[in-house]
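Asks: here are the coordinates; sequence isn't available:
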């Protein structure tokens, strides 16, 4: 466990609040280059928001490559006085490692690097190629991070065949849940126009909150789809409503409604947009509407990668893992556009983004062992195919 723990501690000790990398990439490259990885920095973004991205590749003899993907950036710490110890000073208490990024996701990166070291020590000339795709822009806007690297790899025709994203997906024990897909996310901003006026003379005004209310009631009741064997049904939720001047005697001239779709593979962005606008038009609203597609849904059906991960988890922990597509989005949504098989697998996620984020020390070695065993399993399969 010492190698994984030591590297995780070194990464946590480097403050890297998004989009800062804090020197994490340099540390990681210092481990990858001696293993024969060719490391390429693909940095992006303006000087005020410069993002560090790393593509490190070590080809195998089969032409097939698995990428370990992750992010070195972390979310802000929150109030420092609420932390029991400094968030960027890795600290041990009660069998746990405390620090910002300990779960999300510097331990995963450390485990991936050490897993690669152990694998290559046994197989110096493997059939399986290895790669790392790392960014410092996952917790932020995610405009200059993984998506930039994926576009470049696609242009070059050098996309990986398999990918494991080290997001913390487990619940109680490492390996008890993996994500073989994620829902898409699409947000909308709806501005419904009215006529401002004195609240005592409503006949001289038009209250947009009143006019939009029946449409909102209908939208809340829509069944967008039924989901499928891997995904729960698509959901539509309002996140914010802004209307009025703050005065109690003025009918507002407009109301702004922010909403979001979390959608499965049974629906498309275009179809959801059309159905929603049809309802708005039916209610005769005067409105403006803008859309932002944050990511498309992806799904890796049980096959080569899912089987390799399931077998690795079972052999190393005795757990029969659960497949899931619940939760938020990750950079897997970008990687899945160029890589046919993508799963997310990492440690328990109970403390991510929280004050006193931590990982149980006993979860670290199984995580590294699972990653290493996935490499072993895929390599054995490729070697068998080449015979």
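Replies: The structure has been received and is ready for your questions. Please read these numbers as outputs of a predicted model, since none were measured by experiment.

Asks: Show me which helix runs longest in this structure.
Replies: helix 364-386 (DSSP state H).

Asks: Pull out the buried positions in that one.
Replies: The neighbour-count criterion (16 or more other Cβ atoms under 10 Å) identifies 364-379, 381-383 as the buried residues of helix 364-386. C-beta here means a position set from N, CA and C on the backbone, and glycine is covered the same way.

Asks: try stretch 292-303
Replies: In stretch 292-303, counting by 16+ other Cβ under 10 Å, buried: 295, 296, 297, 298, 299, 300.

Asks: Contacts for stretch 242-262 next, please.
Replies: 183-200, 202, 205-209, 212, 216, 224, 234-241, 267, 272 (Cβ atoms under 8 Å, 6 or more residues apart in numbering).

Asks: if you skip the residues just before and after it, what's nearest to residue 33?
Replies: residue 39 (6.0 Å; Cβ to Cβ, 6 or more residues apart in numbering).

Asks: Tell me what that neighbour is bridged to.
Replies: On the basis of DSSP bridges, residue 39 is bridged to residue 56.

Asks: give me every residue that touches it.
Replies: Residue 39 touches 29, 32, 33, 54, 55, 56, counting by Cβ under 8 Å, 6+ apart.

Asks: do the same with residue 142
Replies: 331, 334.

Asks: sorry, back to before: by contact count, what packs against the longest helix of the chain?
Replies: helix 2-12, strand 65-71, helix 106-122, strand 162-165, helix 304-317 (3 or more Cβ pairs under 8 Å, 6 or more residues apart in numbering; DSSP states H and E).

Asks: Give me the buried positions along the first one.
Replies: What that stands for is helix 2-12. Neighbour-count burial for helix 2-12 [16+ other Cβ under 10 Å]: 3, 4, 5, 7, 8, 9, 10, 11, 12.

Asks: What helices and strands are in contact with it?
Replies: helix 24-32, strand 96-98, helix 106-122, helix 364-386.

Asks: hmm, try it at 7 Å
Replies: Contacts defined by 3 or more Cβ pairs under 7 Å, 6 or more residues apart in numbering; DSSP states H and E place helix 2-12 against helix 24-32, helix 106-122, helix 364-386.

Asks: Give me the distance between that helix and the centre of its chain.
Replies: Helix 2-12 has its average C-alpha position 22 Å from the chain's average C-alpha position, going by Cα atoms, centre = their mean, to the nearest Å.

Asks: So which residues make contact with that helix?
Replies: Applying Cβ atoms under 7 Å, 6 or more residues apart in numbering, the external contacts of helix 2-12 come out as 24, 27, 88, 90, 97, 99-102, 106-107, 109-111, 113-114, 364-365, 368.

Asks: between it and helix 106-122, how many degrees?
Replies: 140 degrees (axes from the mean of the first three to the mean of the last three Cα atoms, to 10 degrees).

Asks: quick one: average pLDDT of helix 2-12?
Replies: Averaged across helix 2-12, pLDDT comes to 96.

Asks: Run the angle between it and helix 364-386 for me.
Replies: Using the same axes, to 10 degrees: helix 2-12 against helix 364-386 is 110 degrees.

Asks: swap in the second one?
Replies: Orientation note: strand 65-71 sits at an angle of 160 degrees relative to helix 364-386 (the same axes, to 10 degrees).

Asks: who does strand 65-71 touch, helix- and strand-wise?
Replies: helix 106-122, strand 129-135, strand 162-165.

Asks: low-scoring pLDDT stretches of the chain, where are they?
Replies: 1, 387 (pLDDT under 70).

Asks: Pick out the residue nearest the middle of it.
Replies: residue 330 (1.4 Å; Cα atoms, centre = their mean).

Asks: Outline the domain layout of this structure.
Replies: Per automatic domain parsing, the structural domains of the chain span 2-182+297-386, 184-295.

Asks: most packed of the ones you listed?
Replies: Most buried of these, by mean neighbour count (mean count of other Cβ atoms under 10 Å): domain 2-182+297-386, with a mean of 20.

Asks: how far does it stretch from start to finish?
Replies: End-to-end distance for domain 2-182+297-386: 36 Å, by Cα to Cα, to the nearest Å.

Asks: heads up, I number from 16, so please use that
Replies: Okay, residue one is now 16; in that scheme the one you just asked about reads as domain 17-197+312-401.

Asks: Distance from it to the middle of the chain?
Replies: On Cα atoms, centre = their mean, the centre of domain 17-197+312-401 falls 11 Å from the chain's centre.

Asks: hang on, the earlier thing: got the contact list for the residue nearest to the centre of the chain?
Replies: 180, 182, 197, 359.

Asks: quick one: residue 41 from residue 128, how far?
Replies: Using Cβ to Cβ, to the nearest Å, residue 41 is found at 13 Å from residue 128.

Asks: hey, where'd the helices end up in the stretch 166-315 of the chain?
Replies: Secondary structure of the stretch 166-315 of the chain (DSSP state H, counting those that start in this stretch): helices at 223-235, 284-297.

Asks: could I get the ones you listed as JSON lines with distance to residue 324?
Replies: Converted to JSON lines, the helices of the stretch 166-315 of the chain look like this (distance: least, Cβ to Cβ, whole Å):
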{"stretch": "helix 223-235", "distance to residue 324": "38"}
{"stretch": "helix 284-297", "distance to residue 324": "29"}
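
Asks: Tell me which of these lies nearest to residue 35.
Replies: With Cβ to Cβ, the closest approach to residue 35 among the helices of the stretch 166-315 of the chain belongs to helix 284-297: 32.2 Å.

Asks: what's the angle between that closest one and helix 223-235?
Replies: Using the same axes, to 10 degrees: helix 284-297 against helix 223-235 is 130 degrees.

Asks: For helix 284-297, name the packing helices and strands.
Replies: Using 3+ Cβ pairs under 7 Å, 6+ apart: helix 284-297 touches helix 223-235, strand 302-310.
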